[in-house]
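S.K.: okay, predicted coordinates and the sequence, questions at the end:
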Amino acid sequence: MPDYPSGTVAFLFTDIEGSTRRWESLHQQMRPAVERHFRLIEDLVNTHRGVLFKTVGDAVQAAFPSVPAAVATAIEVQSTLRTEEWGEIGPLRVRMAVHVGEATPREGDYLAPVLNRLARTLSTGYGEQILLSEAARTLATALPPGHALRDLGRHRLRDLLEAEHLYQVTGPGLRADFPPLKSLDSLPNNLPAQPTPLIGRESELAALREAATSPASRLITLTGPGGTGKTRLALQAAAESMDMFPDGVWWAPLASISDPALVPDAMATALGVRELPEEPLLSTLTTFLQSRKLLILLDNLEQVIEAGPLIGNLLNTSPGLVVLATSREPLRLRAEQEFPVAPLPLPEGREILPPEEARAFPSVQLFVARAQSVKPSFDLTVENVADVIAICRRLDGLPLAIELAAARVRILSPAALLARLDQQLSVLTGGARDLPARQQTLRATVAWSHDLLDPDEQALYARFAVFTGGCTVEAAESMLAVAGDLNINLLDGLDSLVQKSLLRQEQTSGDVRFSMLQSIREFAQERLAALPDAAKIYQTHADTFFLIAENADWDDLEHQAELLDRLETDHANFRQALDHFERQGSDGVALRLRLAAALSHFWWVRGHLSEGRRVLDSALAAQGQVRPIDRAEALSGAALLAEAQWDLAPARAMHEEALALRREAGDVRGVARSLTGLAVIARNEGGVRRK
């Protein structure tokens with residue numbers, strides 16, 4: 001029995017570049033060549049006191065007591081492979097990667113997060129290349145003479161977590177130049193980084209990835225109740241399918257919209273498609289997709305399930321389009337392939353398992369991983385394993401419910417946690433009797449987690465539901481202005497909700513933003529509706545985003561790109577504010593019109609032409625008290641968008657009305673703007689002679 005390294009272990013992963021094609025065309029020749037390559041690698045691994053513990057296909061996984069030993073082995077293997085004669089199949093080009101981390105061998109194998117990270121690193125490289133992670137570089141205290149490490153910079157890997165700083169081994173006998181690494185940064189996509197790794201979905205991920213890349217698949221809908229991890233699984237499958245989609249993999253979140261007419265806009269925004277003059281956005285989107293091979297992930301499609309026929313039409317006209325969708329119910333289209341996402345597997349029977357056996361179950365793995373994220377000293381032991389298994393069973397293996405419960409390990413032992421769950425979940429299903437059993441479990445778990453908050457945290461949690469698509473800290477501060485006797489520091493409160501898995505923190509457009517998963521926000525919205533000052537909170541939200549739009553500094557050209565990104569990120573909040581003012585009828589007309597006018601430049605630059613025109617036209621037609629100067633601003637904004645769509649006659653009429661209002665008000669600067677708009681239209685109509 002070989003001596004398997006434990007503790008801090010250096011791992012070397014390898015695989016053969018282009019092996020699939022060779023297996024298909026030269027099957028008889030490949031088998032002995034791959035076996036010879038295995039023997040060659042194993043001999044050199046043993047020479048450097050390592051252990052070859054696994055082969056998968058033509059891939060090798062080896063463990064070493066130190067990083068220098070792993071690197072020296074990789075260098076010698078590459079040099080030996082280049083001097084070997086491989087006959088008809090040609091040279092075997094093997095890519096390699098080294099990473100290091102804490103790991104313990106078990107029955108001739110290793111089970112550790114470090115291995116997932118290493119596999120992702122290996123997938124970015126090329127045959128004959130040796131890559132090192134930042135952790136491996138730190139411990140690469142001695143390299144063979146003449147060898148060095150080339151800094152390749154930070155790269156986002158396909159685990160969708162933090163970027164990894166990667167390095168390439170250079171020196172005698174090694175190829176020096178390679179194309180850019182095949183990381184997320186080098187492949188067209190907009191996939192968001194995720195705060196935690198995907199746990200326990202290996203078989204589903206493999207099946208979903210195979211389905212997404214199959215020529216027969218066009219629409220795959222991941223279905224299941226809230227909290228089963230549909231979005232996380234779909235994002236991972238999309239990331240791992242990138243090589244098959246030369247025009248990219250794109251994520252279109254739909255949780256913040258409820259109007260099916262906005263689905264094309266959400267898709268266009270994700271793809272970077274702009275609305276063109278004299279052409280509806282849907283036509284532009286259809287033309288764009290017809291000649292491209294890409295995958296788009298439509299997330300939370302149950303919000304706008306009525307958009308199913310539109311998606312079906314896009315699939316019919318775009319042979320290279322593949323749609324992944326997440327939804328609590330299928331779309332029921334002919335092209336649809338339903339992919340049910342079940343909860344995580346649970347230990348069977350009622351016997352008490354040893355911790356080592358319990359760890360083999362993904363539900364237990366997830367609980368332990370999330371518990372350790374809030375309490376690093378937590379571990380699965382003989383004393384607590386039965387309670388952890390019982391907690392996972394009590395929560396039906398629902399990933400979101402398990403995460404919420406595990407976040408409480410910081411202050412509760414698993415036994416205390418189980419006792420509270422058994423007591424609370426049996427009574428916390430009120431108002432949800434018509435939901436499926438697992439959906440009731442999730443709702444009850446969210447309610448239980450909410451009830452464990454102190455009163456001020458509960459109030460902050462409820463108020464946060466007013467935001468659609470999340471918000472920045474600055475926007476969240478507006479909630480405290482109407483909080484009455486709420487006595488909590490905002491940053492402390494937000495941090496507490498993040499630690500308890502009720503909020504998510506992310507970095508976008510240079511800002512720190514906080515958001516809620518849809519299932520958690522649904523419960524928070526119920527809490528918000530029950531607050532006596534709910535109407536005031538919604539009004540404050542609308543007023544806050546009204547001021548953000550009106551105070552946008554369009555004259556600061558240096559930071560205009562960042563401004564546009566921030567406005568795009570908060571587009572759903574602006575829509576909600578507009579809807580709020582519209583529901584107020586004549587009392588909200590003035591602010592509704594001013595907000596729409598303030599957003600017109602954003603809509604114009606970012607290509608939301610049809611949406612902007614609909615909003616402005618509706619606001620201009622509404623009855624209510626409006627200052628002439630505000631109406632003039634809205635008319636100019638609507639004219640700008642109409643002109644961008646090459647609808648020149650209405651644009652001219654609106655500029656003329658705005659001009660009259662501005663002249664009457666003595667607005668010299670506004671008059672100049674209206675005259676400029678009319679001049680542009682005259683030029684476009686051929687009424688201005690060019691010299």
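M.R.: Ah, there it is. Keep in mind that what you see is a predicted model, and the values were worked out from it rather than measured.
S.K.: quick one: secondary structure of residue 5?
M.R.: coil (DSSP: H, G, I helix; E, B strand; the rest coil).
S.K.: distance of the closest residue to it other than its chain neighbours from residue 8?
M.R.: What sits nearest to residue 5 in space, not counting adjacent residues and going by C-beta to C-beta, 6 or more residues apart in numbering, is residue 65, at 4.5 Å. (Glycine included, C-beta is placed from N, CA and C.) Separation of residue 65 from residue 8 (C-beta to C-beta, to the nearest Å) stands at 9 Å.
S.K.: burial count for the residue nearest to residue 5?
M.R.: If you count neighbours by other C-beta atoms under 10 Å, residue 65 ends up with 19.
S.K.: distance of it relative to residue 48?
M.R.: 9 Å.
S.K.: in terms of helices and strands, where is residue 150?
M.R.: strand 148-155 (DSSP states H and E).
S.K.: hey, C-alpha coordinates of that strand in PDB?
M.R.: In PDB, the C-alpha atoms belonging to strand 148-155 read as follows (Å, rounded to 0.1, in the frame of the first residue of the first chain):
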ATOM      1  CA  ALA A 148      11.100  30.000 -13.600                       C
ATOM      2  CA  LEU A 149       7.400  30.900 -13.300                       C
ATOM      3  CA  ARG A 150       5.700  33.300 -15.800                       C
ATOM      4  CA  ASP A 151       2.900  35.400 -14.300                       C
ATOM      5  CA  LEU A 152      -0.300  34.800 -16.400                       C
ATOM      6  CA  GLY A 153      -2.500  37.100 -14.300                       C
ATOM      7  CA  ARG A 154      -5.800  36.500 -12.600                       C
ATOM      8  CA  HIS A 155      -8.400  34.400 -14.400                       C
END
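S.K.: now that strand: how far from the chain's centre is it?
M.R.: How far strand 148-155 lies from its chain's middle: 26 Å, per C-alpha atoms, centre = their mean, to the nearest Å.
S.K.: in that strand, which residues are buried?
M.R.: Neighbour counts using 16 or more other C-beta atoms under 10 Å place 149, 152, 155 of strand 148-155 among the buried residues.
S.K.: that strand pairs with which strands, and in what direction?
M.R.: Strands adjacent to strand 148-155 in the sheet, as given by DSSP bridges, are strand 164-170 (antiparallel).
S.K.: what helices or strands is the next helix or strand after the strand it pairs with leaning on?
M.R.: Where DSSP H and E defines the elements, the next helix or strand beyond strand 164-170 is helix 202-212. Applying 3 or more C-beta pairs under 8 Å, 6 or more residues apart in numbering; DSSP states H and E, we find helix 202-212 packed against strand 219-223, helix 230-239, strand 336-340.
S.K.: so helix 202-212 versus helix 230-239, what angle?
M.R.: Using axes from the mean of the first three to the mean of the last three C-alpha atoms, to 10 degrees, the inter-axis angle of helix 202-212 relative to helix 230-239 is 60 degrees.
S.K.: just checking, residue 602 touches residue 552?
M.R.: Yes: counting by C-beta atoms under 8 Å, residue 602 does reach residue 552; the two are 7.4 Å apart.
S.K.: could you measure from residue 324 over to residue 520?
M.R.: Plainly put, residue 324 is 23 Å away from residue 520 if you go by C-beta to C-beta.
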